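Asks: Sequence and predicted structure below; questions after.
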Amino acid sequence: MKSRQQRIRDKLTKTFAPVTLSVTDESARHAGHAGARPEGETHFKVELTSDAFTGLTRVARQRAVMGALSQEFDCGLHALSIKAEIPSKG
């Protein structure tokens, strides 16, 4: 069975074809906080750059990422830090 981190990576790759993608499990930093589970995999940081975000506002980019990961939120993902950007043209 794939880890949540790998499922997030796979889903974002399929949905946005990112130029860059980083998925970091930060669950250990949130131990004891709301939504944290002893087994982890509840808090992640995602940084991605994709042409798919062209023309979208920062909020729209974040909503797109959240929407792509809705199934993960339904089964235990509690928090997601998102940095979603378009590739620089220079």
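Replies: Structure received.
Asks: Tell me which stretches of the chain form strands.
Replies: With DSSP state E as the criterion, the chain has strands at 20-25, 43-49, 79-85.
Asks: Ala64 reaches Ala84, doesn't it?
Replies: Yes. With contact defined as Cβ atoms under 8 Å, Ala64 reaches Ala84; the gap is 7.4 Å. C-betas here are computed from N, CA, C, even on glycine.
Asks: Common neighbours of these two, please.
Replies: Here Ala64 and Ala84 have Phe53 as joint contacts, going by Cβ atoms under 8 Å, 6 or more residues apart in numbering.
Asks: Comparing these two, which residue is more hemmed in?
Replies: Ranked by neighbour count (other Cβ atoms under 10 Å), Ala64 and Ala84 place Ala84 first, with 22 against 18.
Asks: Skipping its backbone neighbours, what lies nearest that one in space?
Replies: Sequence neighbours aside, Arg61 is the residue nearest to Ala84 in space, at 3.8 Å (criterion: Cβ to Cβ, 6 or more residues apart in numbering).
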